[in-house]
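> how would this look folded up:
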Amino acid sequence: MPSIEKNKLDQFRKGEIKFTQLFQFHGNQIASLLLCGYNFFNHGRLQEAKSIFEGLRLLDPDIPYVNCVLGAIYQRLGKTDLALLRYTHAIDLFPQDIVALTNRAEIYLSEGKFLDAAIDLKKVIEFDPESKNPAANRARMLAAITSKSLQLINKPGEINAGK
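Residues are numbered from 1 along each chain as shown. Predicted structure coming up:
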């Protein structure tokens, strides 16, 4: 275990510095962990990815990307309550986080929280007016499908006519 200066430990206890500053992690070390965790995530090794990203969150709980990826991991694991928590924290830290907003909206839609989903989807579309971001384009698709579904629900005769 690396030695820690007493004054740094006191600063950490008081919340004046973060864990990364306590142990003097460097940016390239954190970047390596991010890449490793992302690769695990992309290859479906969700438990390994979760371990890395939870560790990174302990090092610094206020990195939007870490919270967003954790949200995606928890969403894939079916732990939507934890996914919503992580997405919401990512959005609180970075309100223009298109991926976190889109994924949170998707969960809201699956839970029937259409107004909450609509608010997030509207923000995403506004943040990407040129339709360049793939997550924003997914948000557009979700919004269109939801809109059409709600229209059909309100006009049940049209559902049967389409058969």
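> Pull the number of nearby residues for Lys14.
8 (other CB atoms under 10 Å). C-beta coordinates here come from the backbone N, C-alpha and C atoms, glycine included.
> Okay, it and Leu58: tell me how far apart.
Note on Lys14: its distance to Leu58, by CB to CB, to the nearest Å, is 18 Å.
> Where do the helices of the protein begin and end?
Secondary structure of the chain (DSSP state H): helices at 6-13, 19-22, 27-42, 46-59, 64-76, 80-93, 98-110, 114-127, 134-154, 156-161.
> Give me the pLDDT value at Ile52.
pLDDT recorded at Ile52 is 95.
> scratch that, Glu5
Note on Glu5: pLDDT of 70.
> how far away is it from Lys14?
14 Å.
> what does the domain assignment say about the chain?
Domains of the chain are assigned by automatic domain parsing as 1-94, 96-163.
> what residue ranges in the chain score low on pLDDT?
1-4, 19-26, 156-163 (pLDDT under 70).
> so Lys135 makes contact with Ala105?
Small correction: residue 135 is Ala, not Lys. No: Ala135 lies out of contact with Ala105 (CB atoms under 8 Å); the separation is 10.3 Å.
> the more surrounded of the two?
A side-by-side neighbour count of Ala135 and Ala105, using other CB under 10 Å, places Ala105 first with 27 against 17.
> Can you report how many residues lie near Ile145?
Burial of Ile145 is recorded as 11 neighbouring residues (other CB under 10 Å).
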